[in-house]
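[1] The following comprises the amino acid sequence and a computationally predicted model.
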Amino acid sequence: MGAEVVIEGLTKSFGKQAIWRDVTLTLPPGEVSVMLGPSGTGKSVFLKSMIGLLKPDRGKCVINGVDIVKCSEHKLYEIRKLFGVLFQDGALFGSMNLYDNVAFPLREHTKKSETEIRKIVLEKLEMTGLSGTEKKLPGEISGGMRKRAGLARALVLDPEIILCDEPDSGLDPVRTAYISQLLVDLNSQIDATILIVTHNINVARTVPDNIGMLYRKELVMFGPREVLLTSDEPAVEQFLNGSRLGPIGMSEEKDSAQMAREQAHVDAGHHDGSTEDMRGIVPQLQPTPGLPERKAVRRRKDRVMQILHTLPPAAQEAILQSLTPEDRLRYGVQPGHYVGAHRGQLPTEAVAQVPRSGWRDPQPRVDDPTRRRPGHQQGRS
Ligand SMILES: Nc1ncnc2c1ncn2[C@@H]1O[C@H](COP(=O)(O)OP(=O)(O)OP(=O)(O)O)[C@@H](O)[C@H]1O
């Protein structure tokens, strides 16, 4: 299982420019999380701080009991080996073919023989759909292939934590859908903790278990996907809908006069830039048939049911609606407790009876059609 990452009060500035302050969140082990945020809010700086490439001003980032903000260089070097990082442009060496690019971390950081290295490199190239491209140079392949090659390289040291900085940037919607599926498939195969930084709302709606958003130099929220996707926080709604209308402006933040002017334009019939209402829960991507079920799914269900009563009502409703009959049995949620009967904050004892034991019955695969009922939300998470 992937490592947990516990971040507390993390604060970063460059000279007088504050980037973000007091960021506190936990990346649950083996789950997939997405960090959203308008351009320039410091998402990349956040990723770099998590692997110790940038030094935060204060706060903690604890991985396997080591606070990487304060630890020695030696410890940091050891902890970094737990990470696989996909940088925005793939960060491949232009003069090396894909085979050598992917083999690079193994040759640098391990004493493996070339025979062992070959086995690993070919396996990771196959996992990322790049078999047969070993001899190509990065300049000879498409942007999507470069991303996948970057991912293959990020995987060779069997990372427990994978960080992806805008894996969709520069890709068309179809290639983006493929890379989303690839990330879900990877998670099902290696159970790594994954954090994806993106602006892409489709990725945010379909891939992660958890979503956070950086805005106005703070973490606006971080938690189960249902929280952000049902949020009526103006900045979150505006961001999800890609609308000009709302507090986010061209350069971060607008004043109230500007917001009033824009509202007046829209009231007078001008388009606000959005195409449709993107809030709400849509089905989460499942691993490609034939791959194992994501181990994080069950762990996450237990975790989320334990904190259910602390979540906003709309998120509670969405989570309850996503439960299967087996889940309801497990958590002691009777149909009578079901959403319609309990609008608003649900009492903990009504919903969250998480057994201490493991899961008794093997759950059917999520893509089992017998689990689909008319009118039932299928955002399994
Ligand atoms: N090494 C650095 N030194 C000084 N300022 C920096 C450094 N790295 C980033 N910044 C500044 O930090 C701010 C946040 O940058 P960052 O790239 O993290 O934003 P982002 O949210 O990832 O943006 P985008 O979505 O456009 O990629 C920017 O104002 C940037 O200029």
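    That came through, no problem. Residues are numbered from 1 along each chain as shown.

[2] Every contact and neighbour count from this point should use C-alpha atoms.
    Noted.

[3] could you measure whichever residue of the stretch 51-200 of the chain sits closest to the ligand against residue 66, distance?
    Closest to the ligand within the stretch 51-200 of the chain is residue 199: 6.9 Å, counting by Cα to the nearest ligand atom. To residue 66, residue 199 is 30 Å away according to Cα to Cα, to the nearest Å.

[4] Kindly report the same for residue 37.
    Distance, residue 37 to residue 66, by Cα to Cα: 28 Å.

[5] Pick out whichever of the two has more residues nearby.
    residue 37 (22 against 16; other Cα atoms under 10 Å).

[6] Quick one: residues contacting the spatially closest residue to residue 27 that is not a sequence neighbour.
    Once flanking residues are discounted, residue 27 sits nearest to residue 5: 5.1 Å by Cα to Cα, 6 or more residues apart in numbering. Shown in contact with residue 5 (Cα atoms under 8 Å, 6 or more residues apart in numbering): 26-29, 61-64.

[7] From residue 161, how far off is residue 5?
    Per Cα to Cα, residue 5 is found 9 Å from residue 161.

[8] same check, this time on residue 71
    For residue 71, the distance to residue 161 (Cα to Cα) stands at 18 Å.

[9] I'd like the mean pLDDT over the helix or strand where residue 24 lies, please.
    Using DSSP states H and E, residue 24 sits within strand 17-27. Strand 17-27 carries an average pLDDT of 94.

[10] Which other helices and strands does the helix or strand just after that strand contact?
    Downstream of strand 17-27, the first helix or strand assigned by DSSP H and E is strand 32-36. Applying 3 or more Cα pairs under 8 Å, 6 or more residues apart in numbering; DSSP states H and E, we find strand 32-36 packed against strand 193-197, strand 210-215.

[11] Turn these into TSV, including mean pLDDT, mean neighbour count and distance to the ligand.
    Output for those, formatted as TSV (pLDDT from 0 to 100; neighbours: other Cα atoms under 10 Å; distance: least, Cα to the nearest ligand atom, whole Å):
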stretch	mean pLDDT	mean neighbour count	distance to the ligand
strand 193-197	96	26	8
strand 210-215	92	24	8
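
[12] Contacts for the strand holding residue 24 next, please.
    For strand 17-27, using Cα under 8 Å, 6+ apart, the contacting residues are 4-13, 33, 41-42, 59, 193, 195, 214, 216-219, 222.

[13] List only buried entries from the residues you listed.
    Buried by 16 or more other Cα atoms under 10 Å: 4-8, 10-13, 33, 41-42, 59, 193, 195, 214, 216-219, 222, out of the contacts of strand 17-27.

[14] Tell me which of those residues fall in strands.
    Counting by DSSP state E, the buried ones among the contacts of strand 17-27 place 5-8, 10-13, 33, 59, 193, 195, 214, 218-219, 222 in strands.

[15] Using CSV, list the CA coordinates for the strand or helix carrying residue 104.
    Using DSSP H and E, residue 104 sits in helix 98-109. C-alpha atoms of helix 98-109 as CSV (Å, rounded to 0.1, in the frame of the first residue of the first chain):
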residue,chain,number,x,y,z
LEU,A,98,12.9,6.2,-24.4
TYR,A,99,14.6,3.0,-23.1
ASP,A,100,17.5,4.9,-21.6
ASN,A,101,15.2,7.7,-20.3
VAL,A,102,13.1,5.1,-18.4
ALA,A,103,16.2,3.1,-17.3
PHE,A,104,17.9,6.3,-16.0
PRO,A,105,16.7,6.2,-12.3
LEU,A,106,17.5,2.5,-12.1
ARG,A,107,21.1,3.1,-13.3
GLU,A,108,21.4,6.1,-11.0
HIS,A,109,19.9,4.9,-7.8
